[in-house]
Structures are given as structure tokens and as C-alpha cells.
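Dropping the sequence and predicted coords here.
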Amino acid sequence: MPLTQAALAPATDETAEAAGIVERFLVASMVPDPETAATFMAADVAITFTGGRKFKHPRETTGFNAMRYKWVKKKMERTDVSAGISETIVYNTGTLYGEWHDGTPFEGNRYVDRFVVRGGKIVQMDVWNDSAERILVRMDIEA
């Protein structure tokens, strides 16, 4: 049976709050302002980036991004929220745009960020994007 708009659960204060926390975190991350971004995260947050890279603080992800890009921003296109038992799952999807270190601009690089929000803080963040694929294409490697 296809899912209709009427069958979707309405947003609650908790799910709306979780989406807002994630979106404010992402805006701070793009400045980049890792210290402000960290205020939206639990002290023991678990961050996993593409390739399984593990981080514990937004300053580490900012450092990683500085190695990969001259600069990078997100064009946030959609935020999907799912309430769970004592936590909310938030997916933020869209595309990355920016500049590689050689000065070449890019855009349309798809991303998916998955967050677990518990007690008003992000406790887990998982990040996927097409940057590695784009780097392979730039190097004329088919894999």
C-alpha cells in the first residue's frame, strides 16, 4: 500500500527541535566555527565521516575538510526526521559546493548526513558524500 501524506506522522515539538539543532549545527560547521558547532553536540559524540574516519569534535572534522577542500559549503535541500524511543533520527541531504585546493570550483556533490539527537544534543553523526568519486574522476581513474 503506498504511503500517502495523510499516513505520515505529524511533526512533534521534539522532532522539530531535533531538526533545528541539526540545522543550526550545520550552519555553524559551514562558517566554519567548530566551537559553536560543538555546543550542539554531546561531550561523547561519535562522528564518522566517509571512509569510516572517526572523530570526536567538530574541530577535527573542520581539519579534515581543510585537507580535502580549499573551502566547502552545503546546499541543504531536505531534512527528514524520525522520532524514536528517547531519541530522534535526523537526515539532512543536499549537495556540496566549493573549491578544490587547485582552485577548481565544484558543485552538485551529493551528501547525506545522519544524526542521532538525544536530550537536546547530537550524540552521533554519520557523513556520506561523493567527494571520493569526484576526486577519482579528476584523476582520470575509473574504479
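Received it, and whenever you're ready, just let me know what you need.

now the helices for the chain?
13-30, 34-38, 58-68, 131-138 (DSSP state H).

What's the end-to-end length of stretch 133-143?
This stretch, stretch 133-143, spans 9 Å end to end (Cα to Cα, to the nearest Å).

What are the buried residues along it?
Within stretch 133-143, the residues that count as buried by 16 or more other Cβ atoms under 10 Å are Arg134. To be clear about C-beta, it is placed using only N, CA and C from the backbone, and glycine gets the same treatment.

Distance from that stretch to the middle of the chain?
23 Å (Cα atoms, centre = their mean, to the nearest Å).

now swap in stretch 50-58 and tell me
12 Å.

again, but for stretch 67-87
3 Å.

who touches that stretch?
9, 11-12, 14-16, 18-19, 22-23, 26, 30, 65, 88-101, 103, 107, 111, 116-118, 123, 131 (Cβ atoms under 8 Å, 6 or more residues apart in numbering).

Kindly report the same for stretch 91-103.
Residues outside stretch 91-103 that contact it (Cβ under 8 Å, 6+ apart): 22-23, 26, 69-81, 105-115, 129, 131, 138.

re the thing from before, give the ChimeraX command for selecting the buried subset of the contacts of stretch 67-87.
In ChimeraX, this line selects whichever of the contacts of stretch 67-87 come out buried by 16+ other Cβ under 10 Å:
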select :15,18,19,22,26,30,65,88,89,90,91,92,93,94,95,96,97,98,100,111,116,117,123,131
